[in-house]
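Colleague: A structural model of the following input is requested.
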Amino acid sequence: MTPLPDKNQRSLLETLKNSNNADSEQSITKRVLKGLFWTSAGTGAEFVLHAGALLLLARLISPEEFGVVGAAMVVINFSVIFSELGIGSALVQCPRLDEKHLRTGFTISLLFGLLLTLLVLLLSPVIAAFFQMPKLKTILMVLSIVFFLQGMSIVAESLLKRDMDFRKLTAVEVSSFALGYGITGVVMAFLGYGVWALVGATLIQALVKSTLLIVIKGHRKRLLLDKKTLNELLTFGSGLTMARIFLYFANQGDNLVTGRWLGAESLGIYGRAYQMMVMPASLFGKIVDKVLFPALAKVQDSPQRLAKAFKQGMAITGLIVLPSSAVMFILAPEIISVVLGPVWQKVVVPFQILAVGMFFRTGYKVTGTLARAKGAVYNIAWRNGLYGVMVLAGSWLALPYGLSGVATAVVVALTIYFFLMTTLSLRITKLGWLTLIKAQIPAFNSMVIMVFSTWAIVSLLRDNNFSAIAILSIIAAVIFLHLIIFYRYFPLVFIGKDGVWLVSVIVDSISDFKLSRSKKNKQIHTE
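Modeller: As a prediction, the model looks like this:
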């Protein structure tokens, strides 16, 4: 008689079974939409919490103390790229997951987290000397614990992503941030701990997140280093780590050149322009990547579904980003005036130039997610490396033309990189450029109409000396009116089949949610 598996074994077997089962297209679509909802809500909540905590902490902690922790976080954030060797993403991407994958992944993540903790401990005096900040040594020694905590929970987090359980992931991220910075950081700052309030907030956030992940998604903690499995995970993980390193330098290359050769003031202006452009693209890209990567990984062996998802993803990205970037280009003076203040008008021109590249920046997030889901990490890596070289070389060559030249060089590099990544994605999905271009026609139509109407109205309002905030409010109403007219009277022309499909699925999901809530309420009243 075969003995029954114990509770832990049953839980593990159930997890693996659920992870490996082929999902229907409808099931994945619903889970993607739920994931987008929960991830968007969590990102918004975290943004509000971050703004509130920063508002309080900035009044309780000196700029110098912020600077010391900022230097520490530069080291920590760069080291995070190496902290898991891409093991977490490898577990999400793996077509068939078994117990060896989980135990080997847990072992290597734990060991490498411990190794990085020890490495930062040993190098903290050298790093502090490089930054010429004596306090940095002790702070880095304490913060190095973060890597060990992350190593403990990488497998649990990866399993939640693989299961597309974004509600729990969002709850973990928001809760850990609230307890870390919202409570610990603020209370310690009020008590006069200064720089250690920020250190304490970071540690508590990492500790709470790791603990919650382990509790919510339990798995066996027995160590195992299976050679075949380790090679499988590291083949993917090493390529992904290499790609992340190259992309990190690509994203920082223009800042390096600007700060070194044009000075601190120019870097401050350029940095604000870049941040204003990249913030919406990064938020959208972060949300899409979190949800889309595990969804595409689930259908990586189904070419038709993979191609359909990619085409729809690019079409929807175009619908959102192309009109938005055009409107931001026109409204740049008003946006900068309201968000940053009138003294930052030098940001306007670099911001307008960078806004031209918004679609390419957001689009490469989709193409990169697809390539990772298919396991093409080394193809991504060399493209990221070339992108980094183009940003550095282009920025340096454009120095005689000032910040506008640097911004133009970055947009050119971004455009070339987008086409390189898109070519890779088209090769993976076996789609053609013509198919992808046709999918963007509705977005292009929307952009053209919005450009002409917005330009005309903004010119009229400026001529009549309307305030910046009044202009933004009026244009927001005009855009909303455009969207209603587009969807009501010309859906295929300005929204397209993919946009109409998305709206219908969202409406159906809302109806299903209301129906389930209604049934649940009736059941409660009956009881």
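
Colleague: going forward, measure contacts between C-alpha atoms and count neighbours the same way
Modeller: Noted.

Colleague: centroid residue for the chain?
Modeller: residue 286 (2.1 Å; C-alpha atoms, centre = their mean).

Colleague: Can you name the helix or strand that it falls in?
Modeller: Secondary-structure assignment from DSSP states H and E places residue 286 in helix 264-298.

Colleague: Quick check: which helices or strands does that helix pack against?
Modeller: Packed against helix 264-298 by the contact rule (3 or more C-alpha pairs under 8 Å, 6 or more residues apart in numbering; DSSP states H and E) you find helix 25-60, helix 87-93, helix 145-162, helix 227-261, helix 348-355, helix 358-373.

Colleague: weakest of these by average pLDDT?
Modeller: Across the helices and strands packed on helix 264-298, helix 25-60 has the smallest mean pLDDT, namely a mean of 70.

Colleague: C-terminal to it, which secondary structure element comes first?
Modeller: Per DSSP H and E, the first helix or strand lying C-terminal to helix 25-60 is helix 63-83.

Colleague: What angle do helix 227-261 and that following helix make with each other?
Modeller: With axes from the mean of the first three to the mean of the last three C-alpha atoms, to 10 degrees applied, the angle from helix 63-83 to helix 227-261 works out at 150 degrees.

Colleague: Output helix 63-83 as PDB - backbone C-alpha positions only.
Modeller: Provided in PDB are the C-alpha atoms of helix 63-83 (Å, rounded to 0.1, in the frame of the first residue of the first chain):
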ATOM      1  CA  PRO A  63      19.500  66.400   3.200                       C
ATOM      2  CA  GLU A  64      22.900  65.100   4.200                       C
ATOM      3  CA  GLU A  65      21.400  62.000   5.900                       C
ATOM      4  CA  PHE A  66      19.200  61.400   2.900                       C
ATOM      5  CA  GLY A  67      22.400  61.600   0.800                       C
ATOM      6  CA  VAL A  68      24.300  59.000   2.800                       C
ATOM      7  CA  VAL A  69      21.400  56.500   2.600                       C
ATOM      8  CA  GLY A  70      21.000  57.400  -1.100                       C
ATOM      9  CA  ALA A  71      24.700  56.500  -1.700                       C
ATOM     10  CA  ALA A  72      24.100  53.200   0.200                       C
ATOM     11  CA  MET A  73      21.000  52.500  -2.000                       C
ATOM     12  CA  VAL A  74      23.000  53.000  -5.200                       C
ATOM     13  CA  VAL A  75      25.300  50.100  -4.000                       C
ATOM     14  CA  ILE A  76      22.300  48.000  -2.800                       C
ATOM     15  CA  ASN A  77      20.200  48.500  -6.000                       C
ATOM     16  CA  PHE A  78      23.100  47.700  -8.300                       C
ATOM     17  CA  SER A  79      23.900  44.600  -6.200                       C
ATOM     18  CA  VAL A  80      20.300  43.500  -6.400                       C
ATOM     19  CA  ILE A  81      20.900  42.700 -10.000                       C
ATOM     20  CA  PHE A  82      23.200  39.900  -8.900                       C
ATOM     21  CA  SER A  83      21.300  38.900  -5.800                       C
END
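
Colleague: For it, what is the distance to the chain centroid?
Modeller: Put simply, helix 63-83 sits 19 Å off its chain's centre (C-alpha atoms, centre = their mean, to the nearest Å).

Colleague: quick one: average pLDDT of it?
Modeller: Helix 63-83 carries an average pLDDT of 75.

Colleague: What of stretch 97-105?
Modeller: 89.

Colleague: which residues touch residue 394?
Modeller: Applying C-alpha atoms under 8 Å, 6 or more residues apart in numbering to residue 394 gives the contacts 406, 409-410, 413.

Colleague: and what of residue 149?
Modeller: Neighbouring residues of residue 149 by C-alpha under 8 Å, 6+ apart: 113, 206-207, 210.

Colleague: tell me the contacts of residue 430?
Modeller: By C-alpha under 8 Å, 6+ apart, the residues touching residue 430 are residue 307.

Colleague: What of residue 350?
Modeller: Neighbour list for residue 350: 270, 273-274, 403-404, 407 [criterion: C-alpha under 8 Å, 6+ apart].

Colleague: Which of those residues sits closest to residue 35?
Modeller: Closest approach between the contacts of residue 350 and residue 35, by C-alpha to C-alpha: residue 274, at 28.2 Å.

Colleague: From residue 350, how far off is the closest one?
Modeller: For residue 274, the distance to residue 350 equals 8 Å [C-alpha to C-alpha, to the nearest Å].

Colleague: buried stuff in the strand or helix carrying residue 207?
Modeller: Using DSSP H and E, residue 207 sits in helix 195-216. By 16 or more other C-alpha atoms under 10 Å, the buried positions in helix 195-216 come out as 195-214.

Colleague: Brilliant, that's me finished.
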